[in-house]
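Engineer: A structural model of the following input is requested.
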Amino acid sequence: MAEAYTSWKSAGGNNADHIGGNGYEFSYVDGAGQKKTLQVDYGSLFSNKAETGYDCFIPTMPGCDDILITHGHADHIGGIAHLMNLKREEFAAKRAKGENLTIHCTPFAEQMIKNGLSSTGIPKEEYPVFDIIEPGKPFEVNGFKVEPFAISHSIPDAVGFVIESPDGTRMMTTGDFKTARVPIGKGWEDETITQIAAKGVDYLFVDSTSAVQQGVTIGEAEVKDGIKEILKQSKGGPIISGVISSSCHRLHTVATALAEEALEKAAQHEKETGIPIVPQPRTMILDGASLIAARRALGNCGYKLEDLIKKETGVDIKIVASNTQTAKNVPPQDRFYVCTGTQGEDASLLKIAEGRNSNISLEEMRESSGLGKKLPIYVYNLQSCIPGSEEKHQALEEKFQKAGCTTYFPSRYKPNKYTVHASGHASAGDVAKLCQIVSENSDRPTMVVPIHGDPGQRRNVMKIAQDNGLNACIVPNMAEMKMSKDGRPVWEDSRKTEEWIGVNDANNDFRRPYFKYDKVELNVETKQRTKTGSYRYPKASKGQNRDGNKFIAARVAMKRTRS
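Structural biologist: Coordinates of the predicted model:
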């Protein structure tokens, strides 16, 4: 009989020099060679289609039917809808036997996943099973004991997991995290992490994305102050801002800042005139389908923004979609737009800058204000550039400047005048806090494994862990790490290639997508991509989206063919 062991690997690769496409496989092989597997996250890796020919990439398909989800960002859930396409016939056969893919996630992540399933054309009867989990409530799945715990990130209901293998190996994975307080839902608590560490941690998998930044990552409270500052500087004209649609904490921060600005103006008016007035905040106008969907998801989870702001500030705030008559009736000077497309992709912000947005027109605002070109228009990107998008980020700002707008786009690499963005990821100080808590409370020889970051970021996590008395290692690309009870992992020889699935919307239309998928290998040294396989597709058929609008959607029964 062979020796049993627990192992870990990154699906498709170890994200050696990029961030996204997250998927991590935890496995246990018993003495008889029987393997049990549990997947954590299954996300998409963003791509410039003009350069790669693909809309995005997703990792190799999971080797199990149970996926734990840390949170609802696309780089952690974006592959699920495509997985349902890729394995359509297999899942149909399993449903006939009473089986299905099961997604273990919190309520907000469930809503975001369902948004993706709908937009991909997956009918509701083919959705996976959703097991709604709650921080602090353990459960068992496929032979593993799992305990979710709340963490802070830039999206509600984010969690990490402690996963205990059948052989007793305890593995803690943070997901994307920071330690600041969050404005919506539960977040990081020192006491919770201390209690988890006290039960013992053999392996600690740590988000490394911002680990080279010194100090502790700021929270939304500081961003709110920054937005209130730009409100003071932006007099007499509309404000156009950009956010990542699923970063819903930023929506709450903007709404709170608008409400508090209105309160301060009302108080000043009463001080000057002796006459009290009802605070009248600017109208918050949302533009972008994914942004509207995220706001709907918040409401479905009990986080209706208008109610939250009313409870917190006493102010009634209006939040409307840009294509409504209500939005068009708002005087331009009273509009605060929140738009998608922060990185210069072909979304709301770029379309406004180029005059292609049917809902928001710079010329319309100037004409309807009665001031013409004298109307000041302010553009604030509430998201710094994501590594790799620097050129498009800068080009977007320059387009607005050429259109006569006053702009402010925060930098990821140098100090900013206004604090209008907070990362959702742990800086060096956050990582140190986590490592210190585990070091002081776990009675096991904890091994720290940095994940979700480039080599420099992961090396810094390793150094921080060692400085706090923990062991640490960096797992080579494509290697499967076998864990031992003495805290000394081993892995087989690594490879220079990562394996991905290239996703191509043949229609180039998110409203009427028709997805095609290829097997793609990436040489991490030369950056060369090679297509190694493709799939055959039946004729598209009619589907229905969440709003009941008919559109052509992929009905993909995937069959492997020779390339």
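
Engineer: where along the stretch 301-450 of the chain do the helices fall?
Structural biologist: Ranges of helices in the stretch 301-450 of the chain, per DSSP state H, counting those that start in this stretch, are 305-313, 325-329, 348-353, 362-369, 390-402, 428-441.

Engineer: domain parsing for the protein?
Structural biologist: Listed domain ranges for the chain are 5-215+424-544, 220-408 (source: automatic domain parsing).

Engineer: I'd like the ones you listed written out as JSON lines, with distance to Y418 added.
Structural biologist: (C-beta placed from N, C-alpha, C; glycine too.) As requested, those are exported to JSON lines (distance: least, Cβ to Cβ, whole Å):
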{"stretch": "domain 5-215+424-544", "distance to Y418": "18"}
{"stretch": "domain 220-408", "distance to Y418": "5"}
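
Engineer: I'd say G21 and Y54 touch.
Structural biologist: No: at 11.7 Å, G21 does not count as touching Y54 under the criterion of Cβ atoms under 8 Å.

Engineer: Looking at these two, which is more packed in?
Structural biologist: Just comparing G21 and Y54: by other Cβ atoms under 10 Å the higher neighbour count belongs to G21, 30 against 23.

Engineer: do you know how far the more buried one is from K265?
Structural biologist: Distance, G21 to K265, using Cβ to Cβ, to the nearest Å: 46 Å.

Engineer: Which elements pack onto the helix or strand containing G456?
Structural biologist: Assessed by DSSP states H and E, G456 sits inside helix 455-467. Packed against helix 455-467 by the contact rule (3 or more Cβ pairs under 8 Å, 6 or more residues apart in numbering; DSSP states H and E) you find strand 203-207, helix 428-441, strand 447-451, strand 471-472.

Engineer: So which of these is nearest M61?
Structural biologist: M61 lies closest to strand 447-451 among these, at 19.6 Å (Cβ to Cβ).

Engineer: How far off centre is that closest one?
Structural biologist: Here the centre of strand 447-451 is set off from its chain's centre by 21 Å, with Cα atoms, centre = their mean, to the nearest Å.

Engineer: Output the contacting helices and strands for it.
Structural biologist: strand 203-207, helix 455-467, strand 471-472.

Engineer: I'd like the next helix or strand past the last one.
Structural biologist: Next in sequence after strand 471-472, counting helices and strands by DSSP H and E, comes strand 481-483.

Engineer: For that next one, what is the distance to the chain centroid?
Structural biologist: Centre-to-centre, strand 481-483 and its host chain are 28 Å apart (Cα atoms, centre = their mean).

Engineer: Okay, now the sheet partners of it, with direction.
Structural biologist: Strand 481-483 pairs in its sheet with strand 5-10 (antiparallel), strand 490-491 (antiparallel), by DSSP bridges.

Engineer: Deepest in the core, which of the ones you listed is it.
Structural biologist: Stretch with highest mean neighbour count among the strands paired with strand 481-483: strand 5-10 (a mean of 22; mean count of other Cβ atoms under 10 Å).

Engineer: Any chance of JSON lines for the helices and strands packed on helix 455-467, columns mean pLDDT and mean neighbour count?
Structural biologist: As requested, those are exported to JSON lines (pLDDT from 0 to 100; neighbours: other Cβ atoms under 10 Å):
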{"stretch": "strand 203-207", "mean pLDDT": "95", "mean neighbour count": "27"}
{"stretch": "helix 428-441", "mean pLDDT": "98", "mean neighbour count": "21"}
{"stretch": "strand 447-451", "mean pLDDT": "94", "mean neighbour count": "25"}
{"stretch": "strand 471-472", "mean pLDDT": "95", "mean neighbour count": "20"}
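
Engineer: could the ones you listed be laid out in a markdown table, adding distance to T407?
Structural biologist: As requested, these are exported to a markdown table (distance: least, Cβ to Cβ, whole Å):
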| stretch | distance to T407 |
| --- | --- |
| strand 203-207 | 31 |
| helix 428-441 | 30 |
| strand 447-451 | 35 |
| strand 471-472 | 42 |
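
Engineer: Quick check: which ranges of the stretch 401-550 of the chain have low pLDDT?
Structural biologist: In the predicted model of the stretch 401-550 of the chain, residues 485-487, 493-494, 536-550 satisfy pLDDT under 70.

Engineer: Show me the shaky parts of this protein.
Structural biologist: In the chain, residues with pLDDT under 70: 1, 13-18, 485-487, 493-494, 536-563.

Engineer: how about 80 then?
Structural biologist: Applying pLDDT under 80 to the chain flags the ranges 1-2, 12-19, 387-388, 412-414, 477, 484-488, 492-495, 510-511, 535-563.

Engineer: from memory E499 sits against G12, does it?
Structural biologist: Yes: using Cβ under 8 Å as the test, E499 is close enough to G12 to be in contact (4.8 Å).

Engineer: May I see the buried residues of the host helix or strand of K224?
Structural biologist: Secondary structure assigned from DSSP H and E places K224 in helix 220-233. The neighbour-count check on helix 220-233 (16 or more other Cβ atoms under 10 Å) flags 220, 223-224, 226-228, 230-231 as buried.

Engineer: Turn the residues you listed into a markdown table, including distance to Y303.
Structural biologist: Compiled in a markdown table, these are given as follows (distance: Cβ to Cβ, whole Å):
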| residue | distance to Y303 |
| --- | --- |
| E220 | 14 |
| V223 | 18 |
| K224 | 17 |
| G226 | 23 |
| I227 | 19 |
| K228 | 22 |
| I230 | 25 |
| L231 | 23 |
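
Engineer: List just the nearest of those to P450.
Structural biologist: E220 (25.9 Å).

Engineer: how far away is the closest one from L434?
Structural biologist: 20 Å.

Engineer: same deal with H425?
Structural biologist: Counting by Cβ to Cβ - H425 and L434 are separated by 12 Å.

Engineer: With K351 instead?
Structural biologist: From K351 over to L434 the distance is 41 Å, taken as Cβ to Cβ.

Engineer: and after the strand or helix carrying R95, which helix or strand comes next?
Structural biologist: Applying DSSP H and E as the criterion places R95 in helix 88-96. Counting by DSSP H and E, the next helix or strand C-terminal to helix 88-96 is strand 102-105.

Engineer: which residues are in contact with the helix or strand just after that next one?
Structural biologist: Of the helices and strands lying after strand 102-105 in sequence (DSSP H and E), the nearest is helix 107-120. For helix 107-120, contacts defined as Cβ atoms under 8 Å, 6 or more residues apart in numbering pick out 69-72, 74, 77-78, 80-82, 84-85, 103, 105, 127, 130, 132, 155-157, 185, 246, 248, 290, 293-294, 296-298, 300-301, 303, 510, 513, 515, 545-546, 553-554.

Engineer: which among the residues you listed end up buried?
Structural biologist: In these, burial by neighbour count holds for 69-72, 74, 77-78, 80-82, 84-85, 103, 105, 127, 130, 155-157, 185, 246, 248, 290, 293-294, 297-298, 301, 303, 513, 515, 545, 553-554, counting by 16+ other Cβ under 10 Å.

Engineer: Where do the strands of the stretch 201-350 of the chain begin and end?
Structural biologist: 203-207, 239-242, 283-287, 319-321, 335-339 (DSSP state E, counting those that start in this stretch).

Engineer: Present those strands as JSON lines; the columns should include distance to K519.
Structural biologist: Shown next, in JSON lines, are the strands of the stretch 201-350 of the chain (distance: least, Cβ to Cβ, whole Å):
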{"stretch": "strand 203-207", "distance to K519": "27"}
{"stretch": "strand 239-242", "distance to K519": "35"}
{"stretch": "strand 283-287", "distance to K519": "37"}
{"stretch": "strand 319-321", "distance to K519": "39"}
{"stretch": "strand 335-339", "distance to K519": "35"}
